[in-house]
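Enquirer: My questions concern the predicted model and sequence given below.
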Amino acid sequence: VQTSIGTATYDGARLDGTPLTGSTGERIQSLSGRIGHGFDLFGAAMLIPFGEIGYRYWSRKLEGSGGYDEQYSNADAMLGLLGQVSPLPHLVISLEGAAGRTFAGSMSAGAPFSATFNLGNEPTWRLGGKLGYAITPRLELSGGIDYTQLRYGASAAVETGGGFFF
């Protein structure tokens, strides 16, 4: 389970020309599970192919004149490869990559629109790395970074009374 909270810069407009420029409050929650099998390489390294399925929920608040709330959600399925090496006792370096597809994507727009839109399925991928230090056989202190490419597909055009969504 991962949670990210922060702000993002948004520079856009509604289709009727009302500007939606400024800062948006963001909250992203992700839940995923994976299964794989490790292959020992030279005693101090492992290669682990895996399958993963996940779910993501993203909430954003567009503030200012014409602002409203949006909630996005999707599931994804990916195949990946994790490599780990332990150059020193207790130290583990991990690198991974995964690619797959999103599915069951949707977006809900709050008032004044109060509408939900189904989004198409799109490719997704992730690259990441982690450095870990094993304090005990069951406890590890670690830090890492991931880069994820995620896109939502276009919904059908829907009349909402105040404009169209795509």
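Expert: Looks like it arrived, so ask away. Numbering: from 1, shown residues only.
Enquirer: what about L41, how many residues close to it?
Expert: Using other CB atoms under 10 Å, L41 has 12 other residues around it. Bear in mind the C-beta positions are built from the backbone N, C-alpha and C, glycine included.
Enquirer: for it, what are its contacts?
Expert: L47 (CB atoms under 8 Å, 6 or more residues apart in numbering).
Enquirer: Likewise for the one 3 residues further on?
Expert: For A44, the contacting residues are 85-87, taking CB under 8 Å, 6+ apart as the criterion.
Enquirer: Please, where are all the strands along the chain?
Expert: 2-13, 19-36, 39-41, 45-62, 69-85, 91-109, 115-119, 123-136, 139-149, 158-159, 164-165 (DSSP state E).
Enquirer: among these, where is the model least confident on average?
Expert: The minimum mean pLDDT among the strands of the chain belongs to strand 164-165 (a mean of 47).
Enquirer: how near is E122 to A104?
Expert: 12 Å (CB to CB, to the nearest Å).
Enquirer: Now restrict the contacts of A44 to buried residues only.
Expert: Buried members of the contacts of A44, scored by 16 or more other CB atoms under 10 Å, are S86.
Enquirer: For burial, what's the neighbour tally of G97?
Expert: Using other CB under 10 Å, G97 is surrounded by 14 other residues.
Enquirer: Quickly list what it is bridged to.
Expert: Beta-bridge partners for G97, by DSSP bridges, are L81, L127.
Enquirer: if we can go back for a sec, of E122 and A104, who's got more company?
Expert: E122 (17 against 12).
Enquirer: dump the residue contacts of the residue nearest to that one when sequence neighbours are not counted.
Expert: Sequence neighbours aside, R151 is the residue nearest to E122 in space, at 4.4 Å (criterion: CB to CB, 6 or more residues apart in numbering). By CB under 8 Å, 6+ apart, the contact set of R151 is 102, 122-124.
Enquirer: D11 versus R151, what's the distance?
Expert: 19 Å.
Enquirer: OK, contacts around E140?
Expert: Shown in contact with E140 (CB under 8 Å, 6+ apart): 92, 132-134.
Enquirer: May I see the PyMOL selection of the buried members of these?
Expert: To isolate the buried members of those in PyMOL, using 16+ other CB under 10 Å:
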select buried, resi 92+132
